[in-house]
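>>> whatever this is, show me its structure:
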Amino acid sequence: VDLADFRSEERSARARLDALRGRSPSPAGDTLATPPLATVPADASAWLAGVSTSHPRLRELQSQASRYRFAARAARRTAWPDLELRGSYGWRETLVGGIEQEDMFSATVGLMLPVFAGQRERSEGAEMDAMALARESERIAAELELREQVASTHAAAFGAQRIAQLLADTVVVTQRQA
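Sure, this is the predicted structure:
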């Protein structure tokens, strides 16, 4: 009975070791070779450096915040007078019969006065600023969440690497000695 229990524990340990090695469970007669271990650095700073503003999720939130800031500026600009200057120069062709025409120049000056603008544009600008601030806060939260996910993945990988090393150093050696 004890021998059967030990063999079942051995098969279970082999299956766990194969799972940690990234392989399918091996047959019972397979010998345990030293698993090729990938090295995970003890410091997660190299992994965390990969989280940057070029991540698509962070770039999307950043561009939305920029769009809201531009819309706020545009809304505020409509509350001020707008001066418009235009000029054009036109070449005239010679008429039939050789009559020359002088070229033409025209200038236009315009002034747009926001008579009915005021509170609406200011409140729209404030609303757009608030939305930009909300998007920026969402971007910071998303970046922190990505950093947390990378850090926890690093910790899990480092722990799995340590378990694999311990299993290779103790279980394999003990089995060979037995």
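
>>> for the rest of this, base every contact and every neighbour count on C-alpha atoms.
Fine.

>>> helix, strand or coil for residue 85?
strand (DSSP: H, G, I helix; E, B strand; the rest coil).

>>> the chain: helices as residue ranges?
Along the chain, the stretches classed as helices by DSSP state H are 2-21, 45-48, 56-77, 119-166, 172-177.

>>> pick out the residue nearest the middle of the protein.
residue 55 (2.3 Å; C-alpha atoms, centre = their mean).

>>> separation between it and residue 112?
43 Å (C-alpha to C-alpha, to the nearest Å).

>>> pass me the low-pLDDT residue ranges in this protein, would you?
26-38, 117-121 (pLDDT under 70).

>>> number of nearby residues for residue 7?
For residue 7, the neighbour count with other C-alpha atoms under 10 Å is 13.

>>> hmm, residue 111 is touching residue 83, no?
Yes: at 4.6 Å, residue 111 and residue 83 qualify as touching, with contact defined as C-alpha atoms under 8 Å.

>>> if we can go back for a sec, any chance of the backbone angles for the residue nearest to the centre of the chain?
In terms of degrees, to the nearest 10, the main-chain angles of residue 55 are phi -60, psi 130.

>>> gap between it and residue 62?
For residue 55 relative to residue 62 (C-alpha to C-alpha), the value is 11 Å.

>>> returning to that earlier point: anything in contact with each of residue 111 and residue 83?
Overlap of the contact sets of residue 111 and residue 83 (by C-alpha atoms under 8 Å, 6 or more residues apart in numbering) is empty.

>>> circling back to that earlier point, can you list the helices of the chain in CSV and add distance to residue 95?
Below are the helices of the chain laid out as CSV (distance: least, C-alpha to C-alpha, whole Å):
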stretch, distance to residue 95
helix 2-21, 91
helix 45-48, 75
helix 56-77, 47
helix 119-166, 52
helix 172-177, 104
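
>>> any idea which of these gets closest to residue 107?
helix 56-77 (24.7 Å; C-alpha to C-alpha).

>>> hmm, who's touching the closest one?
In contact with helix 56-77 (C-alpha under 8 Å, 6+ apart) are residues 53, 121-122, 124-129, 131-136, 138-139, 142-143.
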